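Novice: Pasting the sequence and the predicted coordinates here, then a few questions.
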Amino acid sequence: MAAGIDDIAIYVPRLFVDARDFAKARGMDPDKLQRGLGVSQMAIVDTNQDPACMAANACLRLIERNKLSPKDIGRLYVATESSLDESKAMNSYVIGMLEQIYGDDSLEHCGGIECKFACVSGSYALYDNSNWIRAGESEGKYAIVVVSDIAKYDLGSSGEYTQGAGAVAMLLNDAPRIMTFDPKVTSTSIKNEYDFYRPFGKETPIVNGQYSNLLYMIQVKKALMAYREKALSTGLIKLQEGETILDYIDFINMHLPYSNMGKKALAYLLRHEWRSMPYWKKIIEKMGMVEPAPKDPRGTIESILADEEFMAKDHEFTKRFTQTEEFQDVYDAKLASSLIASRIVGNLYTASLYMGFRSCLEFEFQKGTDLEGKRFGFGSYGSGSSAMVFSGVIMPTYKEVVKDMNLESEIGDRVKISLEKYEEIHENKRGPNENLIDSKKEFVLVGVANTSEIRGQRTYVFKE
Ligand code: COA
């Protein structure tokens, strides 16, 4: 049985910080954010918003748009790394909010859990729920997978300019209108690492950004190699002499902690794939530089990052490579559209990859590209660390859904906030009811109990 994505709804908070204001306040060159990282605006949650209400708002849009009744939904999973409780799962809050609209117990048979593995958990949730459908366990019902996060780093840290917030809700079924997942090719890689983690009770992560960037690319490459084996052995892809697996992936969606990370990761993967191809020699000649190798090619990530001479040369090599026509062609055709949303919403952790997918669908549709039958490849990464590579094929019916996608109108009227206000929210100096803007037709957080017997209990209401 087939399984895939039938529809996608998003929720992005309307408050945002402008990269130019941010750079000015931190004494940085705005070009570093806008050109260096691809960050123009970062979505920021208001005081009465949290990952659970963003998830519920995305779900509500999905349910309303598809005129679903609660009994049509068999599963609701939330993948997040912005957990609200050590025990109570985020989908339970979401069910509670949705039942305010659909009635008590209306979703009582809609099972699910909260999934955690940094930014990759949404991909595991999609895979597991697709398998629930493929196994025939869904009995015609839909599964909803929601990815929702607030990317929050310490004030003044190098992660602070890769923040953002938002949720993406995906509707899965056995006759999807948008994309059917390719069966038996989903591949993973996993290793115990500390590139980015958030110990209990800490609101912001401990992160080694450069280490994490390199580990991300290595892990995705390993998962891609495993994908390649499966794609060849199942016969999904048949390679001719001089072809690489990426030749058979029409659009590439990468995990995007910031927009330019997609470009960096694409360059890394193409270098890996093209190195053994006859045309690589020609590309190298045009670049006028030999591909550098670290002093200790079998060294650790630490030893590679500490090899300053290699890192400088490799940086220059990557820069020249990304300027070649060969790279640019692949970048423009397969990746660029997926990076647009990230520039204006920022880092969404688990939701970044799927906001990128949505971005690609919307902006390729606007360009008039015919996506029917095209294969999308996904490079998902979560610190700690694990990568997942999988793919899917776009269905003839995709236009019915994609024609109505409009990032700007779905976010709504955005409100730029000053750095002063942003810092007040960041440092939790305002209570839930001291929100900066009014909400309409959405769930908001109105209180978190702090008396000992009910400490931590959260109350949400739907604002008409
Ligand atoms: N104008 C234009 N570009 C500039 C610039 C300027 N004035 N100054 C720097 N840049 C470019 C750099 O060349 C670099 O681009 P490159 O990677 O293509 O070479 C980019 O801006 C970033 O600068 P750099 O100094 O290398 O990085 P940083 O110390 O500011 O850290 C991150 C960047 C991404 C590592 C950091 O923001 C971070 O840790 N973010 C969190 C990421 C994360 O969450 N990872 C975990 C999961 S994936």
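Specialist: Received the coordinates, thanks.

Novice: For the rest of this, base every contact and every neighbour count on C-alpha atoms.
Specialist: Noted.

Novice: And the residue nearest the centre of the chain, how close does it get to the ligand?
Specialist: Per Cα atoms, centre = their mean, the C-alpha nearest to the average position across the chain is that of Ser352, at 2.0 Å. Separation of Ser352 from the ligand (Cα to the nearest ligand atom, to the nearest Å): 10 Å.

Novice: can you give me phi and psi for that residue?
Specialist: Main-chain dihedrals, Ser352, degrees, to the nearest 10: phi -60, psi -50.

Novice: which residue packs closest to it, ignoring adjacent ones?
Specialist: Of all residues not flanking Ser352 in the chain, Leu256 sits nearest, at 5.4 Å (Cα to Cα, 6 or more residues apart in numbering).

Novice: Repeat that for Pro183.
Specialist: Distances taken as Cα to Cα, 6+ apart place Ala2 nearest to Pro183, at 8.0 Å, with adjacent residues excluded.

Novice: that's a helix at that neighbour, yeah?
Specialist: No - Ala2: not assigned to a helix; according to DSSP: H, G, I helix; E, B strand; the rest coil it is coil.

Novice: What pLDDT is listed against it?
Specialist: Looking at Ala2, its pLDDT stands at 97.

Novice: what separates it from the ligand, distance-wise?
Specialist: Distance, Ala2 to the ligand, by Cα to the nearest ligand atom: 31 Å.

Novice: same check, this time on Gly379
Specialist: Per Cα to the nearest ligand atom, Gly379 is found 12 Å from the ligand.

Novice: which residues touch that residue?
Specialist: Applying Cα atoms under 8 Å, 6 or more residues apart in numbering, one finds that Gly379 lies in contact with 220, 224, 252-255, 387-390.

Novice: Make CSV from the residues you listed and add pLDDT to it.
Specialist: What follows is those, written out as CSV (pLDDT from 0 to 100):
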residue, pLDDT
Val220, 98
Leu224, 98
Ile252, 98
Asn253, 98
Met254, 98
His255, 98
Ala387, 99
Met388, 99
Val389, 99
Phe390, 99
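
Novice: Tell me which of those residues fall in strands.
Specialist: Counting by DSSP state E, the contacts of Gly379 place 252-254, 387-390 in strands.

Novice: Now do the closest residue to Leu107 other than its chain neighbours, the pLDDT please.
Specialist: Using Cα to Cα, 6+ apart and skipping residues adjacent in sequence, the residue nearest Leu107 is Pro70, 5.7 Å away. pLDDT, Pro70: 98.

Novice: ok, back up a step: burial measure for the residue nearest to Ser352, as a count.
Specialist: Burial of Leu256 is recorded as 31 neighbouring residues (other Cα atoms under 10 Å).

Novice: do you know how far it is from the ligand?
Specialist: On the measure of Cα to the nearest ligand atom, Leu256 and the ligand end up 7 Å apart.
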